[in-house]
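Trainee: With the sequence up front, the predicted model follows.
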Amino acid sequence: MTDQPVVSLAGVEKEFALSGGTTMTALTGIDLDLRRGEFVSLIGPSGCGKSTLLRLIGDLTQPTTGTVTVNGKPAPQARLDRDYGMVFQAPVLFDWRTVEENVRLPLELTGQERAARDARVREMLELVELPDFARHYPYQLSGGMQQRVAIARALAFSPAILLMDEPFGALDEMTRERMNSEVLRIWEQTGITVVFVTHSIPEAVFLSSRVAVMSARPGRITQIVEIDLPRPRGLETRESRRYFEMVTEVREALRGGDGGAAPDASLASIERAEAEGVIG
Amino acid sequence: MGRARIYLLFLLGVLVTWEAAKFIGGDPWRYFGWEWRPPLKLNVLNDQGLPHLWDIVDTMIGPYRRNADQSLFVHLGIKALYTWREAAIGFVLGGLLGMSLAAAFVHSQLLERAFVPYVVASQTIPIVALAPMIVFFFGNNVMSVVIIATYLTFFPVTIAMIRGLRSPDPRALELMRSFAASRRTILWKLRLPASLPYLFTALKITATASIVGAIIGEGPGAIQGGLGWSIIEFNQQYVTNPSKLWSAIFVAALLGVSFYSLVRLVELRVLRGRPEASAG
């Protein structure tokens, strides 16, 4: 059971229909297995389909060919079984709900009894270190605090997998580094499997057990870099020689995968796809 | 300066302007043996077109008809409450109809394409053309007036709610999908709360529109208990006593402002905590 991958993608390909009857291949030949409790980052240039790959795992979009298996089930079943927690770049908090009501939202859908639900909300707010802000409204919190609420909400019904789509991309560098340490602490406390999309190399290296390096046109995984930095990771990690070596390795992998300039035509089609909102 | 003081000061300004205009272009002023002949003579400003404020007040505090105990103001106030009851029922029915239509349209493109043109077309028919038919169908009773008020209120609510129910961030919808929320749950927990600022904008419009609808509807329906009937009556007496119609106009305006303010108070209560609540 423990040997079975939590997430398994086999021969996954994703095409998007563009206006005018043409299609664009966003992802091709994706084979990826995630082990239980792993922290995997997807990194690559914009247009490489890393967000699309995350959305495929979460069944927010479906592959054109290939299969996505989660906990031994097809992805749609896993979504219905509430195996996923989702965190986006923006916190997407409901501004008419207080912090605790936002965290409670997923639990309201499960029909859990009130006392258990409230206890769980408190537990989650303590996990993200915001118990004093339970009654605040989202607009009263800073960007970093809002994103912590979003994480608490995603973890509320103990999903097996946490999907994070550039969650700290909108935060300043200082807040981002603090949030990185927060996420590692939460990951270590909960033992959850994390898939983390980013375009920051230092962030990917600091957080991950493995970094999947992707390239664009068409989107694919070119290399998987094992990050063997010791845990727990902290400030010393960011200053260690091994950390810089790993950052360099990922950077070279990124450059190696898609070094040459892209033909103009395909670049244009990717920009079009982005403009039409089919990839992001 | 307090808000109440600003309102009062502005009201005083309007009243002073009213009399100042009459002082410049109205009929001669004759009081206590003193006479003033305004330099200009404008029809709209003579005592027939724009009576002196004290004449209107005098009419309002006087008996509503010869030898009656009740003052005109109290008499009109009772009629205003009667009209308000019709308007309020129409307001609620129109609001519910508008919300239901919008919810149906947002969930079904087919329904939206098929019915929105008729909803729009219905609003181009003047109510005076429709009122006789409504009275014919529903009879000479309050029901007809309620239907007319409903007819004038459902449209702004429909249009605003279509927009409001579609207002959530696409990622908020994806978040709900990741929670395996049903369409019904998404409607109740996301679309509806997100649409409330839009709803209240529409309700503030329809609060006044429903009163206009009720006043107009009382004519063809021959409903004599409300403000509409008084307005028709005083219309006919305008040449002999213009102050009576002006009194009815003031009471109708007071009713409209009161209903609007009531909706605004409810809005402030319902939208408390949201950043947009403070914006009128």
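Mentor: Sure, I can see it.
Trainee: Pull the contacting residues for residue B:172.
Mentor: For residue B:172, the contact set (C-beta atoms under 8 Å, 6 or more residues apart in numbering or on different chains) comprises A:92, A:94, B:190, B:194. From N, CA and C alone the C-beta is placed, and that goes for glycine too.
Trainee: so who does residue A:40 touch?
Mentor: So residue A:40 contacts A:34, A:194-196, A:208-212 (C-beta under 8 Å, 6+ apart).
Trainee: quick one on the thing from earlier: just the buried subset of the contacts of residue B:172, please.
Mentor: A:92, A:94, B:190, B:194 (16 or more other C-beta atoms under 10 Å in any protein chain shown).
Trainee: Backbone dihedrals for the third one, please?
Mentor: The one in question is residue B:190. phi -120, psi -60 (degrees, to the nearest 10).
Trainee: likewise the first one?
Mentor: Backbone torsions of residue A:92, given as degrees, to the nearest 10, read phi 50, psi 50.
Trainee: which residues of the chain fall in strands?
Mentor: No chain specified, so I'll use chain A. Here chain A has its strands, by DSSP state E, at A:7-17, A:23-34, A:39-43, A:65-70, A:73-74, A:84-87, A:161-165, A:193-198, A:210-215, A:220-226.
Trainee: wrong chain, I was asking about chain B
Mentor: B:29-31, B:34-36.
Trainee: ok, back up a step: okay if I get the contacts of residue B:172 as JSON lines plus pLDDT and distance to residue B:227?
Mentor: Formatted as JSON lines, the contacts of residue B:172 follow (pLDDT from 0 to 100; distance: C-beta to C-beta, whole Å):
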{"residue": "A:92", "pLDDT": "95", "distance to residue B:227": "48"}
{"residue": "A:94", "pLDDT": "95", "distance to residue B:227": "42"}
{"residue": "B:190", "pLDDT": "97", "distance to residue B:227": "41"}
{"residue": "B:194", "pLDDT": "96", "distance to residue B:227": "37"}
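Trainee: Residue A:247 reaches residue A:202, doesn't it?
Mentor: Yes. At 5.9 Å, residue A:247 and residue A:202 qualify as touching, with contact defined as C-beta atoms under 8 Å.
Trainee: mind listing what's buried in stretch B:90-103?
Mentor: Buried residues in stretch B:90-103, counted by 16+ other C-beta under 10 Å: B:90-91, B:93-95, B:97-99, B:101-103.
Trainee: how about the strands of chain A, which one is nearest residue B:128?
Mentor: Set against residue B:128 and scored by C-beta to C-beta, these come closest in strand A:7-17, at 51.4 Å.
Trainee: check whether that closest one contacts chain B.
Mentor: No. Judged by C-beta under 8 Å from any C-beta of the partner chain, strand A:7-17 makes no contact with chain B; its nearest approach is 14.6 Å.
Trainee: follow-up on the earlier one: just tell me which of the strands of chain A ends up closest to residue B:217.
Mentor: It is, among those and with distance given as C-beta to C-beta, strand A:84-87, at 51.3 Å.
Trainee: May I see the buried residues of the closest one?
Mentor: In strand A:84-87, counting by 16+ other C-beta under 10 Å, buried: A:84-87.
Trainee: Dump the buried residues of stretch B:90-103 to CSV, plus pLDDT and distance to chain A.
Mentor: Formatted as CSV, those follow (pLDDT from 0 to 100; distance: C-beta to the nearest C-beta, whole Å):
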residue, pLDDT, distance to chain A
B:90, 96, 28
B:91, 97, 23
B:93, 97, 26
B:94, 96, 24
B:95, 97, 19
B:97, 97, 24
B:98, 96, 21
B:99, 97, 17
B:101, 96, 23
B:102, 96, 19
B:103, 96, 18
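Trainee: So out of everything in the stretch 101-250 of chain B, what residue is nearest chain A?
Mentor: Nearest residue of the stretch 101-250 of chain B to chain A, counting by C-beta to the nearest C-beta: residue B:178, 4.1 Å away.
Trainee: what's the pLDDT at that residue?
Mentor: pLDDT, residue B:178: 93.
Trainee: what residues does chain B put near chain A?
Mentor: Checking chain B against chain A by C-beta under 8 Å from any C-beta, the hits are B:169, B:171-172, B:174-175, B:177-181, B:185, B:189-190, B:193-194, B:196, B:271, B:273-275.
Trainee: what about stretch B:164-173, distance to the chain center?
Mentor: 31 Å (C-alpha atoms, centre = their mean, to the nearest Å).
Trainee: Report the separation between residue B:149 and residue B:261.
Mentor: Distance, residue B:149 to residue B:261, using C-beta to C-beta, to the nearest Å: 19 Å.
Trainee: Compare these two and say which is more crowded by neighbours.
Mentor: Taking other C-beta atoms under 10 Å in any protein chain shown, residue B:149 and residue B:261 do not tie; residue B:149 has more neighbours (31 against 12).
Trainee: Pull the contacting residues for that one.
Mentor: B:86-87, B:89-91, B:93-94, B:210-211, B:213-214, B:217.
Trainee: Which pair in these has the greatest spatial separation?
Mentor: Farthest pair in the contacts of residue B:149, by C-beta to C-beta: B:93 and B:211, 14.5 Å.
Trainee: how many other residues sit next to residue A:102?
Mentor: Neighbours of residue A:102 (other C-beta under 10 Å): 24.
Trainee: nearest spatial neighbour of it, skipping sequence neighbours?
Mentor: residue A:93 (5.0 Å; C-beta to C-beta, 6 or more residues apart in numbering or on different chains).
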